[in-house]
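K.L.:
Structure here, sequence nowhere to be found:
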């Protein structure tokens, strides 16, 4: 067979990624416009930057890909067995066995045709209030509670068998979301975690300034049937909107998409909005088969991050919300990979008043707001002076999801996610509340004394991707930080406790990646793309920030406790596939 034919190039392990030819593996890079949190401007076109995309060059490989991706048949990899002895095929770093906790009899991916219809889940119920975790302590300033992670069968799809979720608590009624942990600055928190799952697990307190050995790191697993008590004290200045979820390496995505996530609110004694009616919207998504089972990840879920066909608010599809006056909303993006560019469909503005780490200095009127996976926001929504109705919507957003194209000329990207209704909102007229012009001072961190760089990269071995991965984990995909995939206890970076540092996060891939740093909050300083630097328009505390393809984001941060901290992409499939590093604080 001639190696200059498409089939010959497949046999030789040579693939085209856009205009560039690569042998076996290629790191991709691309560019796109920076983004802020205000109403999103039209995206700039960057015609002068090469967009390196994946392409299949033979109909035979395309047919195998269709079998693998459309039907989820890992058996298609058997046709590629003859490639295992070729150059670069036998020593792929990600071919090593998965950890034991990630190897518990993974089911085959669900064929797309077997998924439930996007309108099969009932919609239109009134928005349910979140469950609240009960404080078992009567001692002032102490919050003591128990979280039990366990499988629970719940009737979700009409006419289908009950869906087995993994959730915190045994309840079969109310929101299928972990209970709200409602605490105050200064509280001593003690939470007993009971693991009744078939896998080891942890609880990570996303965004909270807790000691490293209390933060649910992947090296601190709680075995099935075991119990662990997490203890920490919430310092002054930590008021904000946080959440909790598991963090076992290579099982985080599955445990979250099966339902293990819940909200946290830390309150301050001097909160200027304390008297406002408060509403909580925890957004997640769910991927269900027609029989009611939670569908396992397929290859495209691993590549792009999982997005279920059902977007849920407090565990329900498209609920109804009734506003009888101005309200303070806290919104969580608890999805594995779905971006939420939230807006009202009639264009009415709302006030953005807080980010992950709480209120910022002054309200900002916006018409839309982008929340990457893991991000949170505080909003003020006005009832208005007349009765009206609007649909809370996630607008179309192009995060650069990858697709398998059939020719070199085809573009290897999926279309942007279409607009998606989240909730129907009825507004009753009411007198407006006075919104303070000043909310909370966010002091500058000061001049950095050290600098760090984090580079997001990815490599794809198409031939290996056609073979079966270890226990359902796809072979050939490497999502990396600073050129390597995650290894436990290998320090990617080292910091000194108490030092102010400038970090640059650089995205050299073809899609957006949200960056999350454990154990602290940071301030975004500026964003740069194609040589153009844009200062961040306001100062705020964050623990998660989106980094667009081709973008550099500079942040200022400091760590206050010695130990190991994680930092990673918060598309959870990418985290599980290695886009995570360890920060050693000395």
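P.N.:
Thanks, I have the structure now. Fair warning: this is a prediction, and the values are worked out from it, not measured in the lab. Numbers count the residues shown, from 1 in each chain.
K.L.:
residues in contact with the host helix or strand of residue 389?
P.N.:
Residue 389 is part of strand 388-394 when elements are defined by DSSP states H and E. Strand 388-394 is contacted from outside by 311, 321, 338-346, 348, 417, 419-427, using Cβ atoms under 8 Å, 6 or more residues apart in numbering. All C-beta atoms are positioned from the backbone trio N, CA, C, and that covers glycine.
K.L.:
longest strand anywhere in this protein?
P.N.:
strand 142-154 (DSSP state E).
K.L.:
Touching, residue 259 and residue 164? I think so.
P.N.:
No. Applying Cβ atoms under 8 Å as the test, residue 259 and residue 164 come out as separate, 9.4 Å apart.
K.L.:
Neighbour count for the two, which is higher?
P.N.:
The residue with more neighbours, out of residue 259 and residue 164, is residue 259; 24 against 15, by other Cβ atoms under 10 Å.
K.L.:
Specify the beta-bridge partners of residue 460.
P.N.:
With DSSP bridges applied, residue 460 shows beta-bridge pairing to residue 477.
K.L.:
Isn't it up against residue 474?
P.N.:
No. Residue 460 lies out of contact with residue 474 (Cβ under 8 Å); the separation is 10.0 Å.
K.L.:
In the stretch 201-350 of the chain, what residue spans correspond to helices?
P.N.:
252-257, 299-304 (DSSP state H, counting those that start in this stretch).
K.L.:
Of residue 460 and residue 474, give the one with the bigger neighbour count.
P.N.:
Between residue 460 and residue 474, counted using other Cβ under 10 Å, the more crowded position is residue 474 (26 against 22).
K.L.:
distance of that one from residue 448?
P.N.:
38 Å (Cβ to Cβ, to the nearest Å).
K.L.:
Residue 541 now?
P.N.:
From residue 541 to residue 448 the distance is 17 Å (Cβ to Cβ).
K.L.:
quick one, which of the two is more surrounded?
P.N.:
For residue 541 versus residue 448, neighbours defined as other Cβ under 10 Å are more numerous around residue 541 (23 against 18).
K.L.:
which ones are touching the more buried one?
P.N.:
By Cβ under 8 Å, 6+ apart, the residues touching residue 541 are 240, 355, 356, 357, 358, 360, 442, 521, 522, 523.
K.L.:
can you rerun that using 7 Å?
P.N.:
Contacts for residue 541 (Cβ atoms under 7 Å, 6 or more residues apart in numbering) come out as 240, 355, 356, 357, 358, 442, 521, 523.
K.L.:
want to throw those residues into CSV with pLDDT, distance to residue 170 and neighbour count?
P.N.:
Shown next, in CSV, are the contacts of residue 541 (pLDDT from 0 to 100; distance: Cβ to Cβ, whole Å; neighbours: other Cβ atoms under 10 Å):
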residue, pLDDT, distance to residue 170, neighbour count
240, 99, 29, 26
355, 99, 34, 26
356, 98, 30, 26
357, 98, 33, 26
358, 98, 33, 26
442, 97, 41, 19
521, 98, 34, 25
523, 99, 41, 20
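K.L.:
Could you single out the nearest of those to residue 255?
P.N.:
Among those, residue 356 lies closest to residue 255 (Cβ to Cβ), at 21.5 Å.
K.L.:
you'd agree the closest one is up against residue 542?
P.N.:
Yes. Between residue 356 and residue 542 there is a contact at 4.8 Å, judged by Cβ atoms under 7 Å.
K.L.:
Beta-bridge partners for residue 529, please?
P.N.:
Beta-bridge pairing for residue 529 (DSSP bridges): residue 532.
K.L.:
Isn't it up against residue 553?
P.N.:
No. The pair residue 529 / residue 553 is not scored as a contact, 9.7 Å apart, by Cβ under 7 Å.
K.L.:
any idea how far residue 180 lies from residue 127?
P.N.:
Using Cβ to Cβ, we find residue 180 at a distance of 14 Å from residue 127.
K.L.:
Count the residues that sit near residue 371.
P.N.:
For residue 371, using other Cβ under 10 Å, the count is 25.
K.L.:
Revised request: answer the last question for residue 530.
P.N.:
14.
K.L.:
where does it fall, phi/psi-wise?
P.N.:
The phi and psi values for residue 530, taken as degrees, to the nearest 10, are phi 50, psi 40.
K.L.:
Next, the buried residues of stretch 367-387.
P.N.:
368-384 (16 or more other Cβ atoms under 10 Å).
K.L.:
Please disregard the earlier target; I meant stretch 558-569.
P.N.:
Per 16+ other Cβ under 10 Å, stretch 558-569 contains these buried residues: 558, 559, 561, 563, 564, 565, 566, 567, 568, 569.
K.L.:
Please apply the same query to stretch 535-549.
P.N.:
536, 538-549.
K.L.:
among those residues, which are in helices?
P.N.:
With helices defined by DSSP state H, no entry of the buried residues of stretch 535-549 lies inside them.
K.L.:
got the residues you listed as CSV, with distance to residue 306 columns?
P.N.:
Formatted as CSV, the buried residues of stretch 535-549 follow (distance: Cβ to Cβ, whole Å):
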residue, distance to residue 306
536, 30
538, 32
539, 33
540, 28
541, 28
542, 24
543, 22
544, 18
545, 21
546, 18
547, 20
548, 20
549, 19
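K.L.:
Just give me the closest of those residues to residue 504.
P.N.:
Nearest to residue 504 among the buried residues of stretch 535-549: residue 547, at 10.1 Å, using Cβ to Cβ.
K.L.:
Mind pulling the model confidence for the closest one?
P.N.:
Predicted confidence (pLDDT) for residue 547: 99.
K.L.:
what's near enough to touch it?
P.N.:
For residue 547, the contacting residues are 456, 505, 507, 512, 513, 515, 553, by Cβ under 7 Å, 6+ apart.
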